[in-house]
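Student: quick one, what's the 3D model for this:
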Amino acid sequence: MSYYNKISAGYDKLHQEEQIEKTRLIKENCFLKGLILDIGAGTGAISKLFEGEGNTVIALDPAKEMLVNYKDLKLIARAEELPFKDACFDSIVSLTALHHADIKLAKKEIDRVSKKGATVAISFFKRAKNFAEAKRIFSSFKEIDSEKDLIFIKQ
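Tutor: A predicted model of the protein is given here:
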């Protein structure tokens, strides 16, 4: 996480445009509602795009410096060890973050903290060394192709 702590100040300039495009694709293909967990939220800039209409977003990232300027609900934690009760989230989103995690453990945690019928949207970096594993683990999800990522959606 030290890499992301070091680049936190310029992260949005590097990645925000492509993250906004993935957010647009997600919003076109599913409806995130209620209590939303954003896993790997980075600076939280994209988390704000899921707020409103009665939604509450919790931005979660393992790199403390990434969330330092985010003023809303945030938590420093890893996808493999989500510090929440079972079945508490209506929706979960993760943009280009889970390739850094143990995907199997992260998916288990996502399943654990998701309410029955929760919407889940995960974008995964296509060039990641564990991309084939992600395709296998999220094989029951709908797939949406983005330029650099594949987006997995379950409603």
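Student: got phi/psi on Lys115?
Tutor: Dihedral pair for Lys115: phi -70, psi 160, per degrees, to the nearest 10.
Student: so it makes contact with Asp90?
Tutor: Yes. At 5.7 Å, Lys115 counts as touching Asp90 under the criterion of C-beta atoms under 8 Å. Using the backbone N, CA and C atoms, a C-beta is placed for each residue, glycine as well.
Student: need the contact list for the residue nearest the centre of the chain.
Tutor: Nearest to the geometric centre of the chain sits Ser94, at 1.2 Å (C-alpha atoms, centre = their mean). With contacts defined as C-beta atoms under 8 Å, 6 or more residues apart in numbering, Ser94 is in contact with Asp38, Ile39, Gly40, Ala79, Ala121, Ile122, Ser123.
Student: among the residues you listed, which lie within strands?
Tutor: Judged by DSSP state E, these include Asp38, Ile39, Ala121, Ile122, Ser123 as members of strands.
Student: could you single out the nearest of these to Ala106?
Tutor: Ile39 (7.5 Å; C-beta to C-beta).
Student: from the contact counts, what lies against the helix or strand where Glu133 lies?
Tutor: Here Glu133, judged by DSSP states H and E, is contained in helix 131-137. In terms of contacts (3 or more C-beta pairs under 8 Å, 6 or more residues apart in numbering; DSSP states H and E), helix 131-137 is packed against helix 103-113, strand 114-125, strand 149-154.
Student: now render these as TSV, adding mean pLDDT, mean neighbour count and distance to Glu21.
Tutor: Output for the helices and strands packed on helix 131-137, formatted as TSV (pLDDT from 0 to 100; neighbours: other C-beta atoms under 10 Å; distance: least, C-beta to C-beta, whole Å):
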stretch	mean pLDDT	mean neighbour count	distance to Glu21
helix 103-113	98	18	23
strand 114-125	97	20	10
strand 149-154	97	21	10
